[in-house]
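Everything below, folded, please.
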Amino acid sequence: MNSKLNIQEMAIAIAAQKNNPTILTPDFLKYSGIVPSEWELAKAPILTNSAAQVTFQNGITVIADLNRIIFAQPLSVQAQKQVVQIAAIAHKYIQTLPQVNYKGISITFRGHAPFDNQENGTREYIYRTLLNSGSWLEYGTTPVQASLRFMYNQPGVQMNLDINEALLQLAEQTSKKVVLFTANCLHPINQEDEKQGLTALAQIIDNWETDLKMYQEVVNNKFLQPLDNVIQFNL
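Numbering: from 1, shown residues only. Below is the predicted model of the structure:
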């Protein structure tokens, strides 16, 4: 397969026991310095007793419910260098609310690999390259759909990599078949010492590029050889 990984989105999800989502308001985020005061909302925020969502015009979204806080940022596949802002926002958030009982963290990357000039390239890749041919692929009235998950372990992190066939929506109501690679990097947190746990949580957030490197290495070197140019991100 001769393609390259285009990263579309990054998200940081922090698990929190008995989290209070009602505090997540645009005013709280701005007055506490978690986000710049000049940021404008893309739409009216969602604020309920059990969930809240604030989305800014730059696409950055903060979501909270009773069990977690999520910081998400879209990434343009056209840009070679981009500034990832949600890591600094997530770090500032836990600094502002250190009393919350944080339980764990996961960092997710979503990207795709297109197959130019290959109408059936995505299906051939998943169902002929990653999967062995067999009768399990020949049943039903429509082509079988499959989802693959690979689990990789490194010290302090487990990466679950999901691979799916997908349609990428383009301009002018057109679409393109792609292979979607979604990595969820799970980090355990020491629950015995609250202060140590908060410090470890901050370090994981600050070192998000280590997870990005793992994601890129596995997808580009193991699935998308030969290695093409990868998108670079800067803080």
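
burial of residue 123, as a residue count?
Number of residues near residue 123 (other C-beta atoms under 10 Å) recorded here: 18. Glycine gets a C-beta too; all of them are placed from N, C-alpha and C.

likewise residue 139?
7.

Double-check that it belongs to a helix.
No - membership of residue 139 in a helix is not supported by DSSP: H, G, I helix; E, B strand; the rest coil, which gives coil.

Surely residue 182 and residue 106 touch.
No - look at residue 182 against residue 106 with C-beta atoms under 8 Å: they stay out of range, at 11.7 Å.

And these two? Which one has more around it.
The neighbour comparison of residue 182 against residue 106 (other C-beta under 10 Å) goes to residue 106, with 22 against 19.

ok, now which ones touch residue 74?
8-9, 59 (C-beta atoms under 8 Å, 6 or more residues apart in numbering).

Identify the residues contacting the lengthiest helix in the chain?
Looking across the chain with DSSP state H, the single longest helix is helix 194-206. Residues outside helix 194-206 that contact it (C-beta under 8 Å, 6+ apart) are 12, 14, 87, 90-91, 94-95, 98, 101-102, 105, 107, 187, 189-191.

Where helices are concerned, which of those count?
87, 90-91, 94-95.

ranges for the helices of this protein?
Applying DSSP H to the chain gives helices spanning 26-31, 86-96, 121-124, 194-206, 208-216.

For residue 65, find the nearest of these.
helix 86-96 (14.6 Å; C-beta to C-beta).

so how far is that closest one off the chain centroid?
Distance, stretch centre to chain centre, for helix 86-96: 16 Å (C-alpha atoms, centre = their mean, to the nearest Å).

Quick check: mean pLDDT of that helix?
Model confidence over helix 86-96, given as mean pLDDT, is 97.

next one: stretch 68-79
Stretch 68-79 comes out at a mean pLDDT of 85.

Put together CSV for the helices of the chain, with distance to residue 40 on each row.
Converted to CSV, the helices of the chain look like this (distance: least, C-beta to C-beta, whole Å):
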stretch, distance to residue 40
helix 26-31, 9
helix 86-96, 16
helix 121-124, 38
helix 194-206, 25
helix 208-216, 26
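
Out of those helices, which gets the lowest mean score?
helix 121-124 (a mean of 77).

ok, residues contacting it?
115, 118, 143, 165, 177-179.

out of these, who has the most neighbours?
residue 179 (25 neighbours).

still on that earlier bit, quick check: PyMOL command selecting the buried ones in the contacts of helix 194-206.
Buried residues within those, by 16 or more other C-beta atoms under 10 Å, are selected in PyMOL with:
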select buried, resi 12+14+87+90+91+94+102+105+107+187+189
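
And the longest helix of the chain, what's buried?
197-198, 200-202, 204-205.

Dump that helix to CSV, keeping only the CA atoms.
Extracted C-alpha coordinates of helix 194-206, given in CSV (Å, rounded to 0.1, in the frame of the first residue of the first chain):
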residue,chain,number,x,y,z
GLU,A,194,-4.0,12.3,44.9
LYS,A,195,-1.1,14.8,44.5
GLN,A,196,1.1,12.3,42.7
GLY,A,197,-1.8,11.4,40.5
LEU,A,198,-2.4,15.0,39.5
THR,A,199,1.3,15.4,38.7
ALA,A,200,1.3,12.3,36.6
LEU,A,201,-1.9,13.4,34.8
ALA,A,202,-0.2,16.7,33.9
GLN,A,203,2.9,14.9,32.6
ILE,A,204,0.9,12.7,30.3
ILE,A,205,-0.9,15.7,28.9
ASP,A,206,2.3,17.6,28.3
